[in-house]
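K.L.:
Predicted model, plus sequence, below.
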Amino acid sequence: MAKRDTVFFLSLFLFFFHGANTIIISYMPVYFQHSGMSESKIGAILAIGPLAAILAQPFWGYLSDKFGTIKKVLLVTLVGVAVVSVFLLTNSNYVFILISAAIFYVFMSPTGALGDSLAVKTAASVNKNFGSIRTWGSIGFAVSTLIVGQFFSFFGISTILIPFMFMIVIAFLTAMRVSDVKTRNKPVTVFDAMRIGENSKFLLFLGTILFLTIPHRANDSFVGLYLTELGGNESQIGLAWFVAVASEAIIFATSHYWFRRFNEIVFIMIAGVIYAVRWFGLAYIGGPVAVILLQIFHGVTFGVFYVAAFQYVTKLVPEHLQATGHLLFISVFFGLSGILGSLFGGLIFERSSGATLYAVMGCLTLVGCVALLFYRIVEKRKTKTDESYA
């Protein structure tokens, strides 16, 4: 397949998969709220999925590295997503929903990471920037928020399965046309994958960014409910996510202009400071319109953070274990952070208010900025020490 066709179908896949992911992130909490669930129960549903993802993601990454294929593993996870979503989004029994959510995220969470891993390797093979390909996922997310928000305004949020299944099926069909990227340079064993756990620098980095990723994931889970608390509706939720992801798409699309100006950790710290401003703004500036306007900061928080962190992880792990490393990073970002953000976010939201939740998120992010500063100082000192012995 020609290089241009490879990028085209990969971009289409990212567009439709992240369009489907929009529905889960933006509207599934609202769907459960309309079903009569409390915020703490919704938080538990949103937390149990990432818990399953943490356990499953290293397994999918290992399979990808072991067999030297990303595409085939990706197709398997997409089929699992389509099948399990039927049970998750059509049932009313709370326990059954919890079980379905756990199984759903076993397939859903690695799909995005595998797609991004494929995008990184495809970008390198065709001499393109990762962000210029990944931006199509953000565009899909943004377009989906507007269209799906209007769809729910007309047909009701109880029809959530219809647009989700439509986009997942198209994502699967486009993924079938994507060119695979061979990931294996040498045979990979379980023991090789486990050695990533011995990479202290990698583990310290993952632990440090938790202070930024937990608030981010709490926002993903509860911004829709916060808008509802402030008097917003489904179309305003869609508009808020459109503004957020449109700004993200701009950051991804222009990453080749700004990304190499500083070290990745510097970019992550910049994103952290803007994250804190964003959360405090949401806490103390009330009203749906203010929330929508503050979503503009999403691009320079998540967009900058994700590009820089993903590329930094690529440097930290051996090339033949990069799919595993990427999935471990995603497990922390969307898994562990999702559990903690959803559980504690739900409790704070239910017992106090959305404004209190965002104030706590701002404080936690400031702690993360300080932790990243110390991490950067230690990293620079270690680099100088290594160079002095070279």
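P.N.:
Looks like it arrived, so ask away.

K.L.:
The helix or strand where Met167 lies - contacts with which helices or strands?
P.N.:
Using DSSP states H and E, Met167 falls within helix 161-175. Here helix 161-175 touches helix 3-22, helix 71-88, helix 130-155, going by 3 or more C-beta pairs under 8 Å, 6 or more residues apart in numbering; DSSP states H and E. No exception for glycine: its C-beta is placed from N, CA and C like everyone else's.

K.L.:
Columns mean neighbour count and mean pLDDT on top of these, output as TSV?
P.N.:
Below are these laid out as TSV (neighbours: other C-beta atoms under 10 Å; pLDDT from 0 to 100):
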stretch	mean neighbour count	mean pLDDT
helix 3-22	22	89
helix 71-88	19	95
helix 130-155	22	85
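
K.L.:
In TSV: these, plus distance to Gly207.
P.N.:
Shown next, in TSV, are the helices and strands packed on helix 161-175 (distance: least, C-beta to C-beta, whole Å):
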stretch	distance to Gly207
helix 3-22	26
helix 71-88	27
helix 130-155	24
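
K.L.:
Ile45: which of those is closest?
P.N.:
Of all the helices and strands packed on helix 161-175, helix 71-88 sits nearest to Ile45, with 9.1 Å by C-beta to C-beta.

K.L.:
Other residues contacting the closest one?
P.N.:
The contact list for helix 71-88 (C-beta atoms under 8 Å, 6 or more residues apart in numbering) reads 17, 60, 63-64, 67, 96-97, 100-101, 103-104, 106-108, 110-111, 114-115, 118, 161, 164-165, 168-169, 171-172, 175-176, 178-181.

K.L.:
Equivalent analysis for stretch 108-118, please.
P.N.:
10, 13-14, 17-18, 21, 24, 49-50, 53, 56-57, 60-61, 64, 70-71, 73-74, 77-78, 81, 134, 137, 178, 181, 310, 322-323, 326-327, 329-331, 334-335.

K.L.:
Likewise for stretch 267-287?
P.N.:
Stretch 267-287 is contacted from outside by 209, 212, 215-216, 219, 223, 226, 230-231, 259, 290-291, 294, 297-298, 300-302, 304-305, 307-309, 312, 355-359, 361-362, 365-366, 368-369, 372-373, 376, using C-beta under 8 Å, 6+ apart.

K.L.:
Buried ones in it, by neighbour count?
P.N.:
For stretch 267-287, a neighbour-count test (16 or more other C-beta atoms under 10 Å) marks 267-272, 274-276, 278-283 as buried.

K.L.:
Which of these fall within helices?
P.N.:
In this view, those that belong to helices under DSSP state H are 267-272, 274-276, 278-283.

K.L.:
what secondary structure does Ser179 sit in?
P.N.:
Here Ser179 is coil, with the state taken from DSSP: H, G, I helix; E, B strand; the rest coil.

K.L.:
Give me the neighbour count for it.
P.N.:
By the measure other C-beta atoms under 10 Å, the count of residues near Ser179 is 17.

K.L.:
how distant is the host helix or strand of Ala371 from the center of its chain?
P.N.:
Per DSSP H and E, Ala371 falls inside helix 354-389. How far helix 354-389 lies from its chain's middle: 20 Å, per C-alpha atoms, centre = their mean, to the nearest Å.

K.L.:
which stretches of the stretch 251-390 of the chain have low pLDDT?
P.N.:
The stretch 251-390 of the chain contains residues with pLDDT under 70 at 259, 323, 383-390.

K.L.:
OK, contacts around Leu12?
P.N.:
Leu12 touches Trp136, Thr174, counting by C-beta under 8 Å, 6+ apart.

K.L.:
for the one 4 residues further on, same thing?
P.N.:
With contact taken as C-beta under 8 Å, 6+ apart, Phe16 is in contact with Gly140, Met167, Ile168, Ile170, Ala171, Thr174.

K.L.:
From these, pick the one nearest Phe154.
P.N.:
Checking the contacts of Phe16 one by one against Phe154 (C-beta to C-beta), the nearest turns out to be Met167, at 17.7 Å.

K.L.:
got the contact list for the residue nearest to Ala20 when sequence neighbours are not counted?
P.N.:
Among residues not flanking Ala20 along the chain, Met167 sits closest, at 3.8 Å (C-beta to C-beta, 6 or more residues apart in numbering). Neighbour list for Met167: Phe16, Phe17, Gly19, Ala20, Ile23, Ser144 [criterion: C-beta under 8 Å, 6+ apart].

K.L.:
residues touching the closest residue to the fifth one other than its chain neighbours, list them.
P.N.:
Pointing back at Ile23 there. Nearest residue to Ile23, sequence neighbours excluded (C-beta to C-beta, 6+ apart): Phe164, at 4.6 Å. Each residue near Phe164 by C-beta under 8 Å, 6+ apart is listed here: Ala20, Ile23, Ile24, Ser85, Leu89.

K.L.:
Identify the farthest-apart pair in the residues you listed.
P.N.:
Ala20 and Leu89 (11.7 Å).

K.L.:
what residues are up against His256?
P.N.:
With C-beta under 8 Å, 6+ apart, His256 has these contacts: Asn129, Gly131, Ser132.

K.L.:
Kindly apply the preceding question to Ala309 instead.
P.N.:
Ile209, Glu264, Ile268, Phe329, Phe333.

K.L.:
And it, how close does it get to Ala171?
P.N.:
24 Å (C-beta to C-beta, to the nearest Å).
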